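> One predicted model, sequence on top.
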Amino acid sequence: MLVVKDASKRYGDFTALQQINLEFNTGLYGLLAPNGAGKTTLIKMLATLITPSEGEIQYNGKNILEMDEQYRELLGFLPQQFGYYKNFSPKQYMLYLAALKGIGKKEALHKINELLDKVALSDVVNKKMKKFSGGMIQRVGIAQALLNDPKILILDEPTAGLDPKERARFRHLLTELARDRLVIISTHIVSDIESIANEVIMIKNKQLLYKDSVEEICATLNGNVFETTIDFESLKAFRKKFVLLSEKQEYGKIIVRFIHKGVPEVEWISVPPQLEDVFLYEYRDEIEGEV
Amino acid sequence: MMLIILNECKKALTSPILIGLFIVFSAFNVFVIISSSDHKEELKMLNEIIDQYGRDITDNSLNRFESDIQIDLAKLNRMTASEFTSVYDFLDGLRFEDQEKYSDEQWLFIHRLQLKEMYLNMAKSIDESYEAMDIKKMGEAEIEKYLLSGNAAETLLHEYEKLSERFEEMVNNGEHKEWFFAGKAYFMHSFLFKTVFLHIIIESLLLIVLTTSLITTYEFESKTHLVAYSTKRGRKLMKDKLFASLAIATTIIVFLFAITLGTFFSVFDYSHVWKTSISSAFNWEYNFPYVAWWDLSVGTFLIGVIALVFIVLLLFVGLTFAISIAVKNSYISFFLIAAVFVLLWLLPSFMPTSSTLLFVFAYTLPTLLLAIRYSFMGSSGLILFENFEWMTMSCWTIITIVVGFMSYKRFLKIDIH
């Protein structure tokens, strides 16, 4: 269906992505990586906003840049920073975007009402967007991406600004949408996709690290994730020795979750790895760097 | 696509700054015209003269005019119980306390007679003034004035030779012997084509450059570019933005012209002079009369100038579009266009006075616009060239299309971040 073939992106001497090969079919794909890993570059290439320096992206065997309108007609896109006209209402703005998507006014009006209802904005259809909260704007963004009933839905950090209740509703909506289309979500929040993604893609050092199911990716750390209780005093030494995934205080002691590849000690409890564990383990340098 | 273009137009039409500017500019133009209309009643005298003696000044019509003035003079003499041969004699000898001797009606009569005499005297002096004119010598004077040498001097002299031929042809045709509002008294040509037209030009330019750069860069400035350019229409949206900018520019020009010229011609009655030649001897304001390269009537000249301005302003839409796509910021685009305008206008002053480049680099849109009153004229100093208007327009149309096309093609390929 959608295939990324040896795609690289370079800006002068700087390489943003290197030799990426991916294949997408119907279903939900989670693009998981820390900020600055190249997720947005890949997403923008898929949205034809930027051109690969090398390689190409094909849809059903045809280069998407050559397909031009034919490809973008199938595309629904929510960028990371969703811009909007402050003095427009969601309805006015979506009518404009519907025109750009080649949808007639009558059809668009019907669709806009349906979608704004779906993202729980039906009571502010005609209110100016400058009065909207971040979460409301994001929901307008999601609704506009669905205007043309896209075969390919690409959402870049779609949950930013959404509260927990909205996130839950959004996950439900995505699962429903992914039944008969390709949905790609880029995020650095593991919980957004852990329970719903058919496959997770991870990018590291500008290259593809994993493209697999959550189970398979977690399996890479099978038998290497442990939990144990330690004293505060030994925490510093522990941190130096192992890759710590989490720390939790309990009854004056600390329960640590960590990775160890080798023979475990007796008091350690082996626990099943979670996607978050893989994320923290693989990106430990970058995450520490960020902190 | 129509729907998209309408949406793009709406962005400019709902901009409070642009609407505000348009209203202020229109009001200003109306104010300028009305505040300079003290002599509008006097101008009607010429319409009466044309009604009575025809548009062409012939010996016969002048004789009739003169004998009618003699009748009026006789009436003046009866009124004043004197023997004046000209109303000016009466006015020169007039004392302050004499003014109350005459009724308003009599003063009106005296004033009308004064105007008639002025027109008659001017008409009678045409032949003498035109005979004294040596176009080639004027060319030499220009060369001295601007310190031209080499090719530049030769080219200018050659053009003045051509103008000399045209001048002779014009005199033989009698194009100059047609009634028009007295130039040295009212400066109507300068008022309309310099003051009023320059207002329209500068105001339209400001509005057009602002609207075009606003429409073109709107998505980048509202940060909606990632959504808009990834839709089905994609980057071809820029093409719609160009059409929208042209449509809005046309609307601005049409309305600004309609309001301003509508006011002008309802204040000043031009109904009798539309067919008068623009090269009329009466249209002589400064050192040299306006001499057009072709036999153009005032009406045709006006239409020609409006067409010129309209096309040049649309070319500025194209140039602004090309710059705006590249810089993606409406303010920077505005200042770049302003800088380009000034640079192009100053360009000839950087050229050596011995080279024809001096003339070539005057073939620019700013020069054409700022010297609009001299359009189609041979009497316009260093831009007198017969081909000046059409060459400037053709070259700049090509330049604008090429630059606009290249800028658009580049935009189709560049990364949008």
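Great, that's in hand.

> okay, A:Glu286: pLDDT?
Confidence at A:Glu286, expressed as pLDDT, is 66.

> what's the answer for A:Lys261, then?
For A:Lys261, pLDDT reads 86.

> was I right about it contacting A:Asn224?
Yes: with contact defined as CB atoms under 8 Å, A:Lys261 reaches A:Asn224; the gap is 5.2 Å. (Glycine included, C-beta is placed from N, CA and C.)

> Give me the more crowded residue out of those two.
Just comparing A:Lys261 and A:Asn224: by other CB atoms under 10 Å in any protein chain shown the higher neighbour count belongs to A:Asn224, 17 against 10.

> isn't the more buried one right next to A:Phe258, touching?
No: look at A:Asn224 against A:Phe258 with CB under 8 Å: they stay out of range, at 9.3 Å.

> so where do the strands sit in the stretch 101-250 of chain A?
Per DSSP state E, counting those that start in this stretch, the stretch 101-250 of chain A carries strands over the ranges A:152-156, A:182-187, A:199-204, A:207-212, A:225-230, A:243-250.

> Contact distance from chain B - what residues of chain A qualify?
For chain A, the residues in contact with chain B (CB under 8 Å from any CB of the partner chain) are A:44, A:47-51, A:68-69, A:72-73, A:75, A:77-79, A:81-87, A:96-97, A:99-102, A:105, A:141, A:144, A:148.

> List the contacts of the closest residue to B:Val327 other than its chain neighbours.
Of all residues beyond its chain neighbours, the one nearest B:Val327 is B:Ser333 (5.5 Å), with distances taken as CB to CB, 6 or more residues apart in numbering or on different chains. Contact analysis of B:Ser333 by CB atoms under 8 Å, 6 or more residues apart in numbering or on different chains lists B:209, B:213, B:216-217, B:320, B:323-324, B:327.

> same thing with A:Ile201?
Contacts of A:Ile201 (CB under 8 Å, 6+ apart): A:22, A:29-32, A:208, A:210-211.

> Give me the pLDDT for it.
95.

> what does A:Glu290 give?
Confidence score, pLDDT, at A:Glu290: 44.

> Same check on A:Ile64?
On the pLDDT scale, A:Ile64 is placed at 97.

> Can you tell me how far it is from B:Gly150?
Per CB to CB, to the nearest Å, A:Ile64 is found 60 Å from B:Gly150.

> between the two, which one's more packed in?
Ranked by neighbour count (other CB under 10 Å), A:Ile64 and B:Gly150 place A:Ile64 first, with 24 against 12.

> So that one sits against A:Gln58, correct?
Yes: judged on CB under 8 Å, A:Ile64 makes contact with A:Gln58 at a distance of 6.8 Å.

> Out of the contacts of B:Ser333, name the ones that lie in helices.
Under the assignment DSSP state H, the contacts of B:Ser333 contribute B:209, B:213, B:216-217, B:320, B:323-324, B:327 to helices.

> What segments of the stretch 151-300 of chain B are helices?
Ranges of helices in the stretch 151-300 of chain B, per DSSP state H, counting those that start in this stretch, are B:183-186, B:188-190, B:197-221, B:225-228, B:237-267, B:298-327.

> quick one: B:Glu221 and B:Ser230, what's the gap?
18 Å.

> So between the two, which is more surrounded?
Per other CB under 10 Å, whichever of B:Glu221 and B:Ser230 has more neighbours is B:Ser230, with 26 against 16.

> ok so, going back, among the residues of chain A next to chain B, which ones are in strands?
A:75, A:77-78 (DSSP state E).

> quick check, nearest of these to chain B?
A:Phe77 (4.6 Å; CB to the nearest CB).

> What residues does the closest one make contact with?
A:47, A:145, A:153-156, B:226-227, B:230.

> again, only using 7 Å
Residues near A:Phe77 by CB atoms under 7 Å, 6 or more residues apart in numbering or on different chains: A:47, A:145, A:154, B:227, B:230.

> Look up the closest residue to B:Gly150, ignoring the ones flanking it.
Spatial nearest neighbour of B:Gly150, excluding adjacent residues (CB to CB, 6+ apart): B:Ser354 at 3.5 Å.

> give me the number of residues near that neighbour?
B:Ser354, neighbours per other CB under 10 Å, totals 15.

> Name all residues that make contact with it.
B:149-152.

> Let's see if you can find the most crowded of those.
Highest neighbour count within these: B:Ala152, with 22 neighbours (other CB under 10 Å).

> which parts of stretch B:288-295 are buried?
Going by neighbour count (16 or more other CB atoms under 10 Å in any protein chain shown), the buried part of stretch B:288-295 is B:289-293.

> which one of these is nearest B:Phe265?
B:Tyr290 (19.5 Å; CB to CB).

> Now for the closest one: which residues touch it?
Taking CB under 7 Å, 6+ apart as the test, what B:Tyr290 contacts is B:189, B:278-279, B:283, B:377, B:379.

> got those as CSV, with pLDDT, distance to chain A and neighbour count columns?
Converted to CSV, the contacts of B:Tyr290 look like this (pLDDT from 0 to 100; distance: CB to the nearest CB, whole Å; neighbours: other CB atoms under 10 Å in any protein chain shown):
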residue, pLDDT, distance to chain A, neighbour count
B:His189, 94, 46, 21
B:Ile278, 94, 48, 28
B:Ser279, 93, 53, 31
B:Asn283, 90, 51, 27
B:Met377, 91, 48, 25
B:Ser379, 74, 52, 20
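
> The residues you listed in strands, which ones?
Among these, no member falls in strands (DSSP E).

> burial of B:Asn7, as a residue count?
18.

> Tell me who's in contact with the residue in the stretch 251-400 of chain B positioned nearest to chain A.
Nearest residue of the stretch 251-400 of chain B to chain A, counting by CB to the nearest CB: B:Lys328, 13.4 Å away. Applying CB under 7 Å, 6+ apart, we find B:Lys328 in contact with B:217, B:220.
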